[in-house]
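Chemist: Show me the folded form of this:
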Amino acid sequence: MRHSVPSGLENSLDNRMAPDVQAAFRVVAAHRRAVDRFWRYPPHTHPLFEFNLVLEGRQRFVVDGRPILQSEGDIVFVRPGVVHASEGSAAGGTLIYFALHFDVDDPAFRSALLGVEQIIWPANGDAATAETAPMRALRSALSDYMAAVVEEADSTAAPHDGGGPRIALLARAMRLFAAVGEWALSARPETAPVRREPEHVLALARTLEDELRRRAVSESSDPVRTCIAAIAGRLGYSPAYCTRVFRRVYGVSPRGYLTGLVVRQAKLWLTDPALSVEDISRRLGYRDPTHFSKQFKRWTGLSPLGYRRLVHRPG
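Modeler: Purely as a prediction, here's the structure:
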């Protein structure tokens, strides 16, 4: 006599299934940096969310044209595509800060983050701006992740230990992911609920995002226009509609998103002294390194070599 394997449903009185969960949370170029009184960072944009936390000193920060005096413990939150810059130490001495850039591909999560309108979260607010539990949890997760970043950086010069620091970094990134989600839901104004887009809109936006990531390193002279037109034609939509959908879901235009991906990749490669500017420009699809250098300076305000010197400056 054959016996079937129980499915758990035969005698169930109630069964409530949760939807499958699949989301990518990317943390990019997180760094703790100490700088002198001459340090500045020019106006720039990128397709990432950013937290900037002052650890020591005071920083003159500018977000979307708004000047901010950032004291020790204050967190500045920057949304994708927003112009921001650091005018350096406000106290004239050493400034130490921690910057974390991140991205998440789940549209509902992104919508919650894009709904957060407040820019600066002070460490010592008055009774009306007292920290919520989600904000305290976010501060704790940021602190833990920063400690793991330092451990991972130190481990590169240490003997192999089985990947302990790397695993700790991944574990703390997962905790950070959870903390950011709880904070985003609590920080949105009550008048800005999470927008729930129709499934066909989300599917189109995801398709476009996947294509842009694949084309971030491309030899095409205009990979965005080609990509959007090709996808639009294949799916029966106009390029203008695809652009509107992408901006609605991801908070930035496809061109701005791709530019940010290219700039981010260029910055990552520029931190590797073994790669020349010519190598990097070739990897990014530029046949003329001079053209790449001009584009990079237009995007960031710095030449590739200037950015490399900034990153590797002692202190």
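Chemist: Sketch out the helices for the stretch 1-150 of the chain, chain order is fine.
Modeler: 107-114, 133-155 (DSSP state H, counting those that start in this stretch).
Chemist: and the ones you listed, which is most packed in?
Modeler: Neighbour counts (mean count of other C-beta atoms under 10 Å) averaged over each of the helices of the stretch 1-150 of the chain peak at helix 107-114, with a mean of 21. C-beta coordinates here come from the backbone N, C-alpha and C atoms, glycine included.
Chemist: Any stretches of the stretch 51-200 of the chain with poor pLDDT?
Modeler: Counting by pLDDT under 70, the ranges of the stretch 51-200 of the chain that qualify are 125-130, 155-163, 190-196.
Chemist: about what we covered before: out of the helices of the stretch 1-150 of the chain, which gets nearest to residue 86?
Modeler: Nearest to residue 86, of all these, is helix 133-155, at 17.8 Å by C-beta to C-beta.
Chemist: Please name every helix or strand in contact with that closest one.
Modeler: With contacts taken as 3 or more C-beta pairs under 8 Å, 6 or more residues apart in numbering; DSSP states H and E, helix 133-155 sits against strand 25-35, strand 49-56, strand 75-78, strand 95-104, helix 164-187.
Chemist: Just checking: what are the partner strands of the shortest one?
Modeler: If I follow you right, that is strand 75-78. Strand 75-78 pairs in its sheet with strand 49-56 (antiparallel), strand 120-121 (antiparallel), by DSSP bridges.
Chemist: neighbouring contacts of the first one?
Modeler: The set of residues external to strand 49-56 that reach it, using C-beta atoms under 8 Å, 6 or more residues apart in numbering, is 32, 34, 59, 61, 70-80, 84, 94-104, 113, 142, 146.
Chemist: what angle separates that strand from helix 164-187?
Modeler: 110 degrees (axes from the mean of the first three to the mean of the last three C-alpha atoms, to 10 degrees).
Chemist: The most centrally placed residue in the chain: what's it in contact with?
Modeler: For the chain, the residue nearest the mean C-alpha position is residue 102 (2.5 Å; C-alpha atoms, centre = their mean). By C-beta under 8 Å, 6+ apart, the contact list for residue 102 reads 25, 26, 27, 28, 48, 49, 50, 51, 180.
Chemist: Distance check, it against residue 27.
Modeler: Distance, residue 102 to residue 27, using C-beta to C-beta, to the nearest Å: 5 Å.
Chemist: Next: residue 108.
Modeler: Residue 108 sits 20 Å away from residue 27, going by C-beta to C-beta.
Chemist: Find the residue closest to residue 122 in space, skipping its chain neighbours.
Modeler: Of all residues not flanking residue 122 in the chain, residue 74 sits nearest, at 5.1 Å (C-beta to C-beta, 6 or more residues apart in numbering).
Chemist: Can you read off the backbone torsions of the one you found?
Modeler: Dihedral pair for residue 74: phi -70, psi 140, per degrees, to the nearest 10.
Chemist: from memory it sits against residue 131, does it?
Modeler: No - with contact defined as C-beta atoms under 8 Å, residue 74 does not reach residue 131; the gap is 11.8 Å.
Chemist: Compare these two (neighbour count), which wins?
Modeler: Neighbour count, other C-beta atoms under 10 Å: between residue 74 and residue 131, residue 74 has more, with 20 against 15.
Chemist: Okay, the more buried one and residue 56: tell me how far apart.
Modeler: Distance from residue 74 to residue 56, counting by C-beta to C-beta: 12 Å.
Chemist: Residue 170 now?
Modeler: 28 Å.
Chemist: How about residue 278?
Modeler: Applying C-beta to C-beta, the value for residue 278 to residue 56 is 38 Å.
Chemist: ditto for residue 47
Modeler: Residue 47 sits 30 Å away from residue 56, going by C-beta to C-beta.
Chemist: So between those two, which is more surrounded?
Modeler: residue 47 (22 against 15).
Chemist: Identify the residues contacting that one.
Modeler: By C-beta under 8 Å, 6+ apart, the contact set of residue 47 is 80, 81, 103, 250, 252, 256, 257, 259, 260, 261, 264.
Chemist: Name the residues of stretch 87-95 that are buried.
Modeler: Within stretch 87-95, the residues that count as buried by 16 or more other C-beta atoms under 10 Å are 88, 89, 90, 95.
Chemist: same thing with stretch 291-307?
Modeler: 292, 293, 295, 296, 299, 300, 302, 304, 306, 307.
Chemist: Which ones among the residues you listed lie within helices?
Modeler: Among the buried residues of stretch 291-307, the ones falling in helices (DSSP state H) are 292, 293, 295, 296, 299, 300, 304, 306, 307.
Chemist: Distance-wise, check the spatially closest residue to residue 306 that is not a sequence neighbour relative to residue 266.
Modeler: Closest residue in space to residue 306, ignoring its immediate chain neighbours: residue 297 at 7.9 Å, by C-beta to C-beta, 6+ apart. Note on residue 297: its distance to residue 266, by C-beta to C-beta, is 11 Å.
Chemist: any common contacting residues for the two?
Modeler: In contact with both residue 297 and residue 266: residue 304, using C-beta under 8 Å, 6+ apart.
Chemist: Cool, thanks, talk later.
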